[in-house]
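Visitor: return a 3D structure for these sequence lines:
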Amino acid sequence: MKMKRGLFSVYRLGATDKKLFDRHFSGTLSEYVTALAWSPDGKTLAVGSASGEVRLWLDLSSQGEVASPLIPVQVGEGQSIDCLGFSKDGEFLAAGGQDGRVKIWCLHPDAGVYRCRPLHTLENAPAWVDKLSWSPTSNQLAFCLQRHVQVWDADAGEVAATLNFEESSVLGISWYPSGQHLAVCGDKGVKVWNAADLNDDPCFFALPTASVAIAWSPDGKYLAAGNLDNTLTVWEWGYLDPWVMRGFPGKIRNLVWSKPVTAVGAPLLAMSSMEGVVVWEKQAEELGGWDGRVLEAHDGMVQALAFQPDTFVLSSAADDGQVCLWHKAKKVAQVLEGAPDGFSCLDWHPQGHQLAAGGQNGELLIWSKSMRGKGFGGQ
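Guide: Predicted structure coming up:
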């Protein structure tokens, strides 16, 4: 199904005077911030940089302190860290990057403060590990190795499976919300493995191009792929025929789903292409497909998107040095600044009351929900 450009609606609104989020912490790493990840309990934020350093920021608000210093876990040696992630129980932190190594640390509390103990280093040189993802239901870590995905079992301390993508380098990884499937994208389409039997042949969804971003909806009903030929493909899980949206100015760089659903029972899907953001909403009619609305506020490439947990509030970070908060994924409610040369990544606290963003000059900024306002007043 082709989404005609005429169905788009443009929303643009200047930021309101009321502050919904206030600056809580600011710090600096030695280089471009490449990756951010909150622990599942929200007490720890892991940060990686282009120089290869990994640091932790600890939330000490429960102890009456405003912020912790950035605690070093790994010093930078000139090769970037490109991906970070905590396991579902918060016990393990994994990092991958330019040197091909996947490092796993074990986190444990020490007098109320979390410490990192090196646990494993998986050597994969000369492969560049720029994608990793923990299963949402087990301590299995999937990460890319050129034309393969390796699945490592943290509990057993061994490789559980090596998945062959064959067609190209792996460009995206996404676990099904209940951990039952693992989707992998690259040139010529998407492969989906059954997590219960990773040695079985995967389902293959062929495309005439390369998919560079992939994401399951939180309810597991939809799978979206952003493609190099400036198209967006959405499958309803269990059906082979996808919706295809066209007409974007560049490749689809970011894809995120909302956890809440709309009146028709489907979540929102937000994507970015160049400096634009489009939010897609499923229509009630079976043949109606998805309607898109364009959100315009950025003057630079959008580098990251994220929905605030359990709401329709969308955040976007861009090269123009702005993080925009979009109320109900429609109108700008607040613009956050602090990285004059551009933002590179962002991540919401699991409870949604804090937002972290990394900058292209090493800035780390954390905003907390303002106590002076009443928030967004709903989703």
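Visitor: can I assume P126 is in contact with D99?
Guide: No. Using C-beta atoms under 8 Å, P126 is not in contact with D99; the gap is 9.0 Å. All C-beta spots, glycine's among them, are computed from the backbone N, C-alpha and C.
Visitor: which residues touch D310?
Guide: By C-beta atoms under 8 Å, 6 or more residues apart in numbering, the residues touching D310 are K259, P260, G352.
Visitor: the nearest residue to A266 once chain neighbours are set aside bridge partners, please.
Guide: In space, and not counting its chain neighbours, A266 is closest to K282: 3.6 Å by C-beta to C-beta, 6 or more residues apart in numbering. K282 forms beta bridges with W290, as assigned by DSSP bridges.
Visitor: do you know how far K282 is from L58?
Guide: Distance of K282 to L58, computed by C-beta to C-beta, to the nearest Å: 40 Å.
Visitor: tally of neighbours for A318?
Guide: Neighbour count of A318, defined by other C-beta atoms under 10 Å: 25.
Visitor: low-confidence ranges, the stretch 151-300 of the chain, go.
Guide: For the stretch 151-300 of the chain, residues meeting the criterion pLDDT under 70 lie at 286-287.
Visitor: coming back round to it: more neighbours: P126 and D99, which one.
Guide: D99 (20 against 8).
Visitor: what's near enough to touch the more buried one?
Guide: So D99 contacts G52, Q79, A125 (C-beta under 8 Å, 6+ apart).
Visitor: surely it is in a strand?
Guide: No. Looking at D99 with DSSP: H, G, I helix; E, B strand; the rest coil, it is coil, so not inside a strand.
Visitor: from V151, how far out is it?
Guide: Applying C-beta to C-beta, the value for D99 to V151 is 21 Å.
Visitor: now swap in Q308 and tell me
Guide: Counting by C-beta to C-beta - Q308 and V151 are separated by 30 Å.
Visitor: V256 now?
Guide: For V256, the distance to V151 (C-beta to C-beta) stands at 24 Å.
Visitor: tell me which of the two has more neighbours.
Guide: When neighbours are counted by other C-beta under 10 Å, V256 comes out ahead of the other of V256 and V151, with 22 against 18.
Visitor: check contacts around A206.
Guide: A206 makes contact with K188, G189 under the criterion C-beta under 8 Å, 6+ apart.
Visitor: where does it fall, secondary structure wise?
Guide: According to DSSP states H and E, A206 maps onto strand 203-216.
Visitor: hmm, back to that, so if I had to pick from K282 and L58, which one is more boxed in?
Guide: K282 (23 against 19).
Visitor: now stretch 319-329 - C-alpha only, CSV.
Guide: The C-alpha trace of stretch 319-329 is given here as CSV (Å, rounded to 0.1, in the frame of the first residue of the first chain):
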residue,chain,number,x,y,z
ASP,A,319,22.1,17.9,14.9
ASP,A,320,20.7,21.4,15.4
GLY,A,321,21.4,21.1,19.2
GLN,A,322,17.7,20.7,20.2
VAL,A,323,15.7,17.9,21.9
CYS,A,324,12.1,18.5,21.2
LEU,A,325,9.3,17.1,23.4
TRP,A,326,6.1,16.5,21.3
HIS,A,327,2.9,16.5,23.3
LYS,A,328,0.7,13.5,22.1
ALA,A,329,3.2,13.2,19.3
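Visitor: and it, how far from the chain's centre?
Guide: Centroid displacement of stretch 319-329 relative to its chain, using C-alpha atoms, centre = their mean, to the nearest Å, is 15 Å.
Visitor: stretch 206-216 now?
Guide: 16 Å.
Visitor: pull out the buried positions in that stretch.
Guide: Using 16 or more other C-beta atoms under 10 Å as the test for burial, stretch 206-216 gives L207, T209, A210, S211, V212, A213, I214, A215, W216.
Visitor: contact partners for the fourth one?
Guide: Residues touching S211, when contacts are defined by C-beta under 8 Å, 6+ apart, comprise L171, G172, C185, G186, G189, V190, A225, G226, N227, L228, T233.
Visitor: count the neighbours of the second one for me.
Guide: Neighbour count of G172, defined by other C-beta under 10 Å: 21.
Visitor: pretty sure it contacts W216?
Guide: No. Counting by C-beta under 8 Å, G172 stays clear of W216, with 11.2 Å between them.
Visitor: now for the two: what residues contact both?
Guide: The contact sets of G172 and W216 overlap at A183 (C-beta under 8 Å, 6+ apart).
Visitor: ok, now how distant is G100 from S80?
Guide: Shown here: G100 relative to S80, a distance of 12 Å by C-beta to C-beta.
Visitor: same question, W128
Guide: Relative to S80, and taking C-beta to C-beta, W128 is found at 9 Å.
Visitor: joint contacts of those two?
Guide: Common contact partners of W128 and S80 (C-beta under 8 Å, 6+ apart): G97, Q98.
Visitor: more crowded one of these two?
Guide: Legend: neighbour count by other C-beta under 10 Å for W128 and S80, higher for S80 (22 against 19).
Visitor: report the contact partners of the more buried one.
Guide: By C-beta under 8 Å, 6+ apart, S80 lies in contact with E31, Y32, T34, G48, S49, A50, S51, G52, G97, Q98.
Visitor: same question, W128
Guide: Contacts for W128 (C-beta under 8 Å, 6+ apart) come out as D82, G97, Q98, G100.
Visitor: if we go to 7 Å?
Guide: For W128, the contact set (C-beta atoms under 7 Å, 6 or more residues apart in numbering) comprises Q98, G100.
Visitor: go on, K259?
Guide: Neighbouring residues of K259 by C-beta under 7 Å, 6+ apart: P218, P267, F307, P309, D310.
Visitor: which SS class is it?
Guide: With three-state DSSP as the basis, K259 sits in strand.
Visitor: any idea how far it is from L268?
Guide: To L268, K259 is 10 Å away according to C-beta to C-beta.
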